[in-house]
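>>> below are the sequence and a predicted model for it; my questions follow.
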Amino acid sequence: MTYTSESIEKTVELFSSLPTIGRKTAQRLVFHLLRQPDSFVKTFSKSLIELKNNVKYCSTCFNYTEQDPCRICSSAKRDSSVICVVEEPNDVMAIEKTSEYFGLYHVLHGSLNPLEGVTPDQLKIKELLERLQGVNEIILALNPSVEGEVTTQYIAKLVQPLDIKVTRIARGIPVGSDLEFADEATISRAMEGRIIV
């Protein structure tokens, strides 16, 4: 329903098509942009065009980058004998924020999901296997979902004959949450992954 203007409605539709942006949030964003000076809106739109034109996949790890190879893959300070496998580029950002990991990454760009038609050849699994020369450990840091679990098991099975250590990130109860709200699988994994205090 167009009750203000076609331009507003079109922009609201575009914003609401983004992940986690509902219609009300989209409207707030549009009205916020309308209140900004022209210079801000021009800079904002130019930034989006530059983002699309300049950002590409790293040819080594398939993370988003403007240089190839990316800064992580080309850094002499990173441990090239360890590769952390993640589903999406935002997972790399989440791990990097911890400042606890100093190896390399490999981004699959999804997880196996036969029901949705996502097969191994649609992910960057073949490319991962091609990178394993000189690698001592693969850390599987995939999402704790059925699809993440299937992908973890699939990659572990592929790598097993190569005499490379395969580990997975620990899973358990998030800080600040209550046990009563955790599902059985999460509690079970937390119990299995317990550590000495």
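That came in fine, so what should we check first?

>>> so what's the gap between the biggest helix by length in the chain and the chain middle?
What stands out as the longest helix in the chain, according to DSSP state H, is helix 38-54. Helix 38-54 sits 24 Å away from the centroid of its parent chain (C-alpha atoms, centre = their mean, to the nearest Å).

>>> ok, residues contacting that helix?
By C-beta atoms under 8 Å, 6 or more residues apart in numbering, the surrounding residues in contact with helix 38-54 are 33, 36, 66. (Each C-beta comes from the backbone N, C-alpha and C, glycine too.)

>>> now the element after that helix, going C-ward?
strand 56-57 (DSSP states H and E).

>>> neighbouring contacts of that following strand?
For strand 56-57, the surrounding residues in contact (C-beta under 8 Å, 6+ apart) are 63-66, 68.

>>> quick one: mean pLDDT over it.
In this model, strand 56-57 carries a mean pLDDT of 97.

>>> so what strands line up beside that strand?
Strand 56-57 has the following strand partners under DSSP bridges: strand 64-65 (antiparallel).

>>> pLDDT at the residue nearest the centre of the chain, what is it?
Centroid-nearest residue in the chain: Glu88, 2.5 Å away (criterion: C-alpha atoms, centre = their mean). Per-residue confidence at Glu88 stands at 96 (pLDDT).
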